[in-house]
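Engineer: return a 3D structure for these sequence lines:
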Amino acid sequence: MTPSFSLALHGGAGTISPALMTPEKEQAYQTALHEALRSGYAVLAGGGSALDAVEQAVLRLEDCPLFNAGRGAVFTHEGHHEMDAAIMDGRNRAAGAVAGARQVQNPIRAARLVMEQTEHVLLAWPGADELAREHGLAMQPAEYFFTQHRYDQLQEALQEGRMRLDHSQAQPTAGSGSEDSKKKMGTVGAVARDQHGNLAAATSTGGMTNKRYSRIGDSPIIGSGTFADNRTCAISCTGHGEFFLRAMVAHDISCLMEYRGLSLAEACRIVVHDKLAPIGGEGGLVAVDAAGNVALPFNSEGMYRASQTSHDAAPFVAIYKN
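Structural biologist: Numbers count the residues shown, from 1 in each chain. Below is the predicted model of the structure:
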């Protein structure tokens with residue numbers, strides 16, 4: 001009997017509802033999620049490592065302009081791109097991350113370089129790009145990362161005079177004003193358990209539209225947006241990074257499992273709904289435990305998500321809450 005294996009991924013969370021989505025755009029997201037899931041799952045089905053599987057899945061999402069990572073990264077206040085990514089190996093808790101990368105085509109590959117080719121965990125720009133260039137990773141000019149949709153988002157944010165999160169539409173509510181009307185949370189990520197029982201997690205993001213001062217969110221921070229430990233779980237988060245940083249979301253779920261003996265589903269529920277939501281943290285995560293169980297919790301209206309396990313060969317892909 002083939003040992004169990006699982007893969008789960010996300011493409012961002014936020015105010016995502018059918019009323020704000022055209023059929024064509026919804027199909028494009030569904031197709032992209034399916035392709036990323038298929039790519040990472042093939043690695044696991046072939047006996048490959050969880051680390052390779054999550055890197056492959058995230059790489060596919062980074063190359064898709066629909067998602068706020070890699071080619072689809074949002075613009076900063078100055079009009080360029082600053083990308084963050086992290087990867088973690090559950091076997092020994094080795095980790096690598098980059099922050100503010102500007103030219104590397106796939107920041108998740110740069111993060112793995114940090115983990116495997118340096119003594120460090122987190123490198124910031126310009127060193128992150130320098131390391132990637134030295135090791136022959138694909139580098140791209142600014143034009144590669146330009147999309148009209150992201151540029152238009154920047155112009156709107158500049159007019160509003162504030163940062164904007166990703167993956168939501170304008171949805172004004174009575175008395176809310178613009179601050180609450182355009183919540184957007186954009187990140188991509190993946191978690192996996194391979195046939196050898198090893199876990200891994202990977203996360204990548206372009207951050208916030210119109211962000212300033214080299215702002216860094218939770219995605220590249222080990223224990224907040226990304227975490228993996230064979231004894232408990234692998235986690236990749238998406239949402240308002242400042243809240244996920246304050247709540248140490250990914251590591252907190254692992255701690256609840258290790259110290260209190262909670263299941264993956266219960267630990268995720270407590271952190272996402274009972275701890276994160278009350279302090280204003282909106283978003284979600286994908287998770288897998290040592291047995292290959294998958295959890296996809298979120299407290300926003302929607303989350304681009306997908307999963308597949310060897311026990312249930314049919315892929316699961318969803319966008320909305322219901």
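
Engineer: name the residues of the longest helix seen in the chain that are buried.
Structural biologist: In the chain, with assignment by DSSP state H, the single longest helix is helix 23-45. Going by neighbour count (16 or more other CB atoms under 10 Å), the buried part of helix 23-45 is 29, 32-33, 35-41, 43-45. In short, each C-beta sits where N, CA and C put it, glycine included.

Engineer: packing partners for that helix?
Structural biologist: strand 6-14, helix 50-62, strand 188-193, strand 302-309, strand 316-320 (3 or more CB pairs under 8 Å, 6 or more residues apart in numbering; DSSP states H and E).

Engineer: need these in JSON lines with mean neighbour count, distance to residue 253 and mean pLDDT, can you?
Structural biologist: Putting the helices and strands packed on helix 23-45 into JSON lines (neighbours: other CB atoms under 10 Å; distance: least, CB to CB, whole Å; pLDDT from 0 to 100) gives the following:
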{"stretch": "strand 6-14", "mean neighbour count": "30", "distance to residue 253": "14", "mean pLDDT": "95"}
{"stretch": "helix 50-62", "mean neighbour count": "28", "distance to residue 253": "17", "mean pLDDT": "98"}
{"stretch": "strand 188-193", "mean neighbour count": "35", "distance to residue 253": "11", "mean pLDDT": "98"}
{"stretch": "strand 302-309", "mean neighbour count": "25", "distance to residue 253": "16", "mean pLDDT": "97"}
{"stretch": "strand 316-320", "mean neighbour count": "16", "distance to residue 253": "20", "mean pLDDT": "96"}
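
Engineer: which one, of those, ends up nearest to residue 159?
Structural biologist: Closest of the helices and strands packed on helix 23-45 to residue 159 is strand 6-14, at 20.3 Å (criterion: CB to CB).

Engineer: let me see the contact set for residue 216.
Structural biologist: Going by CB atoms under 8 Å, 6 or more residues apart in numbering, residue 216 touches 84, 99-100, 124, 207, 241.

Engineer: do residue 125 as well
Structural biologist: By CB under 8 Å, 6+ apart, the neighbours of residue 125 are 82, 98-102, 214.

Engineer: go on, residue 52?
Structural biologist: Applying CB under 8 Å, 6+ apart to residue 52 gives the contacts residue 43.

Engineer: how far away is it from residue 318?
Structural biologist: 25 Å (CB to CB, to the nearest Å).
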